[in-house]
Structures are given as structure tokens and as C-alpha cells.
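Trainee: Fold the following, please.
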Amino acid sequence: MLEITHSAAPAGLAAFRAALTAAGESITGASWDAFKNHDKNKSHRELMEYLYALQHGCCAYCERRLQEGKSHVDHVEPRGNRETEHLTLTCSNLVLSCNNPQSCGSTKHNHRLPIQPRPGANVHFRLISSSGKLRPARRDSAADAKFCIHNSLNLNHPLYCEERRQAVQGIMNNLRRLAELGMQDRAEAYLRTAIQPGDSYAPTLARHFNLPLPGQLPEP
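Mentor: Model (predicted):
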């Protein structure tokens, strides 16, 4: 899961929200369709470009690199839930998600995530290198992590597990080569080039190899 910190909302989204407020209209789940369809989708495209840059081109939930034209804006707090629909046009509640019909925003639906793509999210997940699967990392949040992994986001989708496993294996093989050449002192420098923001699964791989990435929090 990415650890996302939003900045100021894109101009088009901010202006549309301000116009609704000025007109005395309530923000509901239906406000999203109105936003997407106004000004010939210009503001919606602007929002997607903003989120793409903010997330380094990766899905907020599975961390996989987004494919062109195969992503959508997802509401972290669902717009289809009466308790959270007032956040429908709140920028900090919006992320880009992949379009995999078996995972991420497509399976989350109206679930409220107990662990969200915010700073510190990844302390709750642990990568199993032999299988590429995610497991809860802490006892105090094990149930919440399991819900995200299995019930809501399907983060252990077979494709994701295999890609994570291969990524770990490739890095470990290169670290072993460095050790065999007596170049252990270059291990951290290698990891910093091998794991960078924008690479698929970069936050999970960085935590697995104890390598801080910008925006990540250390273990408490």
C-alpha cells in the first residue's frame, strides 16, 4: 500500500467544490458524476494527472505500476456510504487505483478500509519472500491487515504474489553476487538504485530490505 500525502487540490476540483458550496448544494456521492462530466472532463483529467504524479504512477493499494488507460480515481472513504459521502470531492480522499477486476478499488466497493494509503500504512504488512505474499506484521492490527489483504483489496492476488516473489529473488541474487565479490559495502547503494519510487511494489520491497523511501515512516 502506498503512503500518500496530498498537497493542495488541483484547481478544477477546488473550483467545482467551491461552486457547489456557494450555491448551497450538499456534496453527495452523486456529486462525483457531476464533477467528472462538467467542463468536458478537463478537471477530471487534471485530477488524474495530479494523482498519477503524486503516486509515482503506481496503484495506491497494490503498489503495482499503472498501465496507461487502465486506472480510475477511487474514494478511500467510499462515496457510496452515507457516513462518508460528504468526502466525495475532498482531494485527500482520492487516489488512483488499477482496474484489475479482482483486486484493489474494484473489489473494495463500499468497504471502509481499517488501514488506508496514508503515511505509516506499511508498518502493518510483512512480505514473505518465498511466496511473495503479504501477512500482518503486528499483533495489534493483525485483523485490520487481514481484512485489507483478503477481504477488501485482495492484495495476495496470484499475479501480485508472483511478481513480488520474483522481485525479491532478483534483488537477493544480486546482493549475493556482491558478497561473493567482497563488495558488501556497496549493498545499500545497490538497493537504492534497485528500489525507487515509481517501481512496482517499491514501498513493500523497501521495507522488506530495510531501505527508507521518501514519505515512509520508520518502524515505531
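Trainee: What residues of stretch 130-146 count as buried?
Mentor: Taking 16 or more other C-beta atoms under 10 Å as the neighbour-count basis, stretch 130-146 is seen to contain the buried residues Gly132, Lys133, Leu134, Pro136, Ala137, Ser141, Ala145. The way it works is simple: take the backbone N, C-alpha and C, and place the C-beta from them, glycine included.
Trainee: in this protein, which spans are strands?
Mentor: Secondary structure of the chain, counting by DSSP state E: strands at 71-75, 94-98, 125-127, 134-136.
Trainee: ok now the first one, how far from the chain's centre?
Mentor: Relative to the chain's own centre, strand 71-75 is displaced by 11 Å; criterion: C-alpha atoms, centre = their mean, to the nearest Å.
Trainee: How about that strand, which residues are buried there?
Mentor: Taking 16+ other C-beta under 10 Å as the basis for neighbour counts, the residues of strand 71-75 that come out buried are Ser71, Val73, Asp74, His75.
Trainee: Tell me the strands beside that strand, with direction?
Mentor: Based on DSSP bridges, the strands next to strand 71-75 in the sheet, each with its direction, are strand 94-98 (antiparallel).
Trainee: quick one: which of the strands of the chain is nearest Glu49?
Mentor: Glu49 sits nearest to strand 94-98 of all the strands of the chain, at 9.9 Å, using C-beta to C-beta.
Trainee: and that closest one, how far from the chain's centre?
Mentor: In terms of C-alpha atoms, centre = their mean, the gap separating the centre of strand 94-98 from the centre of its chain is 7 Å.
Trainee: Output that strand as PDB, restricted to C-alpha atoms.
Mentor: Presented in PDB, the C-alpha positions along strand 94-98 are these (Å, rounded to 0.1, in the frame of the first residue of the first chain):
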ATOM      1  CA  LEU A  94      -9.000  10.500  -3.700                       C
ATOM      2  CA  VAL A  95      -6.300   8.100  -5.000                       C
ATOM      3  CA  LEU A  96      -5.600   6.300  -8.300                       C
ATOM      4  CA  SER A  97      -6.300   2.600  -8.400                       C
ATOM      5  CA  CYS A  98      -5.700   0.000 -11.000                       C
END
